[in-house]
Structures are given as structure tokens and as C-alpha cells.
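Undergrad: Provided below are the primary sequence and the corresponding predicted coordinates.
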Amino acid sequence: MKIVVLDGETLNPGDLTWQAVSALGEFSCFARTPSAEIIPRAQDAEIVLTNKTPLDANTLAQLPKLKYIGVLATGTNVVDLAAAKELGIVVTNVPAYGPDAVAQMVFAHILHHTQAVAAHHQAVAAGQWSNCSDFCFTLMPLQSLKGKTLGLIGYGDIGQQVAKLALAFGMKVLVNTRTEPSDLPLGVSWTSRDTVFKESDILSLHCPLTPETTELINAQTLELMKPQALLINTARGGLIDEAALATALTQGKVFAGVDVLSTEPPSADNPLLTAPNISISPHNAWATKEARQNLLNIATANLSAYLAGDRVNWVNP
């Protein structure tokens, strides 16, 4: 049983071990695999693990021994699922491995904007506090989260974890999903999407990227938001019309904190890279060591279950 990991560097840059996976068969792991090398590296493999290396229909057709693809992520858009099913290739994913890690990044961006820690540190390092006449100084008004309204578009595992943190800060939480959830906790209310846009002091995106949600944040929906509201996106970059957001940021209409962009790595001319009033983290909200270890554990369990004849986290049954 030959097992090939096409792009293991992001999940495991060296602080984890592949031992549990390698024990299941003849094992090869590549840090990353350019498109020209996918077929040469995977041509004899029965099992392929991939994070972002794409496996389209043409590629799958040239891998006749392939029986199983383990996606080292929750999203499976890197695999042509229809082609895999037609070829009898099982595809699994790793759901809910790190909602706490992503929720933590949501609040890292929120606190970055409300507390301005980085800006004040830079000012202190530049000597501004040393030259201040008072025992403290501020560059701008700081903001309390207590009493603010947090709007969530999407209320899956990550959205629910974000809501828990918001409630701990004393925030009111509004939720919009395709169907109204039952049994929402005290302090969390389901409402229409437009109401979430209009009433949120902070709006956080936690929905999948679909044809219906592509560029959900656009010139029209940005106009619905409160003046100087804060937009957070740790979901998918394609949820945002980046040119429209850049314009709103430049005009001071909104602030933003994002962990994802429409193209990754971003092109140098992405308008958000030079826009004011935004913080950008490089798609690493998911990547705490603990979350990555959990992801690896689940991926290993998926593969072990498949080898034992069980269906665990199959996405193309």
C-alpha cells in the first residue's frame, strides 16, 4: 500500500510526526508538489493525501492505481469529486478540527482594532510615551466590546465558538443562516441577513463559498453596514468583492480584519494589500500546533477506518 503526501509542509513544518500515517503503508511525503510533478509522484500510489495540491479530472484519469484521497482540510474544492466518484476513488475530509483556533483569530483581529496594541507598541518604541507629560497616552479612543453587537453570517462549529467568546465579552450576537437554528443560547438571536448587516458593530463571516455567497460583501451590502463597522473574514476570500471593500476602507466607511483573500498567495496588485484600516493575517487562523495535530489525528483515523472497511468522513459516498 503506497501512501503519498503531496504537500505536507503546511500541516507539518517539522513540529509534528507522520509516524501514525507512515505505519499504514509505504510512505512518501513531499513538502509541496508543483502541477507538473503530481502524476510522476502519485502514479503508483493507492492513497494520496493533499491539502491544496489540486486533483482535477484529467489528473485523476492518469492515476489508475489511486483508490483513496484524504484531503488534509475541511474544504474539498481541490478535488474533482464527481470525477473521483466515477473512477471509484474515495475522498475524505477533516471537519471541525480547529474551530477554537479560528475563533481565536477572529478575536485577535477584533482586539487588534479595538485596543490598537500594535499601534501603541510602535509609538512606545518610537519614544512617544517617554516624551509624554502624563502617565499614559493614547493615539486614538479605545473601544469596549461589552454591549456591542456581533453579527455572524453562518453558524457552524466556528461560528458557534465565536459566539461563545462574544458572549463572554458581554456582546449581543445576531446570526443569519439559510435555516433558523433551534435552541440558540441566551444572548444569540437569529435574524435576516439585511438586519445583521445593518445592526452589527462587528460582522464576522463563517459561511461556505458557494455561487450564492460569492462576493456577498460588495458595494451594496457594504452600504448597509454601520459607519465604521468592523468586518472580519476567516472563511473564504471569495466572499468579498475586494475592490469594493478597498474603496470602503479608503473612504473610512468600514474597518476590516481578514485571514483569507481571493487568491492565495495574493498578487502584488491585490487592492487590500495597500488599503488603510485593515489587518491581514496570511491564512493561518487554522494553524495552531494543537489544531494541526488534531487535523493529522483525524486524517489518520479516516485512513485507518477506510483500510478497515469503514466509512468515516467520506464526502463522495
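TA: Received the coordinates, thanks. Numbering: from 1, shown residues only.
Undergrad: make it CA atoms for all contacts and neighbour counts henceforth
TA: Will do.
Undergrad: so T53 sits against T76, correct?
TA: No: using CA atoms under 8 Å, T53 is not in contact with T76; the gap is 10.8 Å.
Undergrad: show me where this protein has its strands.
TA: Ranges of strands in the chain, per DSSP state E, are 2-5, 26-29, 47-50, 68-71, 90-92, 149-153, 172-176, 188-190, 202-205, 229-233, 254-258, 278-280.
Undergrad: out of those, nearest to D80?
TA: Using CA to CA as the measure, strand 90-92 is the one of the strands of the chain that comes nearest D80, at 9.7 Å.
Undergrad: how about residues contacting the closest one?
TA: Here strand 90-92 makes contact (CA atoms under 8 Å, 6 or more residues apart in numbering) with 67-71, 81, 84, 302, 312-317.
Undergrad: just name the lowest-scoring one in the residues you listed, pLDDT-wise.
TA: When the contacts of strand 90-92 are compared by pLDDT, P317 scores lowest at 80.
Undergrad: tell me who's in contact with it.
TA: P317 makes contacts with K85, V90, as judged by CA under 8 Å, 6+ apart.
Undergrad: swap in Y68?
TA: Residues near Y68 by CA under 8 Å, 6+ apart: E46, I47, V48, I89, V90, V91.
Undergrad: and it, how far from M1?
TA: Separation of Y68 from M1 (CA to CA, to the nearest Å) stands at 11 Å.
Undergrad: and for M171?
TA: Per CA to CA, M171 is found 52 Å from M1.
Undergrad: more neighbours, those two?
TA: Taking neighbours as other CA atoms under 10 Å, M171 and M1 compare with M171 leading, 20 against 11.
Undergrad: give me the pLDDT for that one.
TA: M171 is assigned a pLDDT of 98 by the prediction.
Undergrad: and what of N77?
TA: As predicted, N77 sits at a pLDDT of 89.
Undergrad: over to G159?
TA: 97.
Undergrad: the nearest residue to it once chain neighbours are set aside: neighbouring residues, count only.
TA: Closest residue in space to G159, ignoring its immediate chain neighbours: H206 at 5.8 Å, by CA to CA, 6 or more residues apart in numbering. Residues near H206, counting by other CA under 10 Å, number 23.
Undergrad: the domain parsing of the protein - what is it?
TA: 2-97+289-308, 99-280 (the TED database).
Undergrad: against P141, how distant is the residue of the chain most remote from its centre?
TA: For the chain, the largest distance from the centre (CA atoms, centre = their mean) belongs to S133, which lies 43.8 Å off. Plainly put, S133 is 18 Å away from P141 if you go by CA to CA.
Undergrad: let me have the strands of the chain in JSON lines, extended by distance to A243.
TA: Shown next, in JSON lines, are these (distance: least, CA to CA, whole Å):
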{"stretch": "strand 2-5", "distance to A243": "36"}
{"stretch": "strand 26-29", "distance to A243": "39"}
{"stretch": "strand 47-50", "distance to A243": "31"}
{"stretch": "strand 68-71", "distance to A243": "31"}
{"stretch": "strand 90-92", "distance to A243": "35"}
{"stretch": "strand 149-153", "distance to A243": "21"}
{"stretch": "strand 172-176", "distance to A243": "25"}
{"stretch": "strand 188-190", "distance to A243": "30"}
{"stretch": "strand 202-205", "distance to A243": "18"}
{"stretch": "strand 229-233", "distance to A243": "15"}
{"stretch": "strand 254-258", "distance to A243": "13"}
{"stretch": "strand 278-280", "distance to A243": "13"}
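Undergrad: just the closest of the contacts of Y68 to T33, please.
TA: Taking the contacts of Y68 together and measuring to T33 by CA to CA, the closest member is V48, at 12.1 Å.
Undergrad: that closest one: neighbouring residues, count only.
TA: Neighbours of V48 (other CA under 10 Å): 23.
Undergrad: in stretch 293-301, what's buried?
TA: Within stretch 293-301, the residues that count as buried by 16 or more other CA atoms under 10 Å are Q293, N294, L295, L296, N297, I298, A299, T300, A301.
Undergrad: just for this structure, where's the confidence low?
TA: The model of the chain has no residue with pLDDT under 70.
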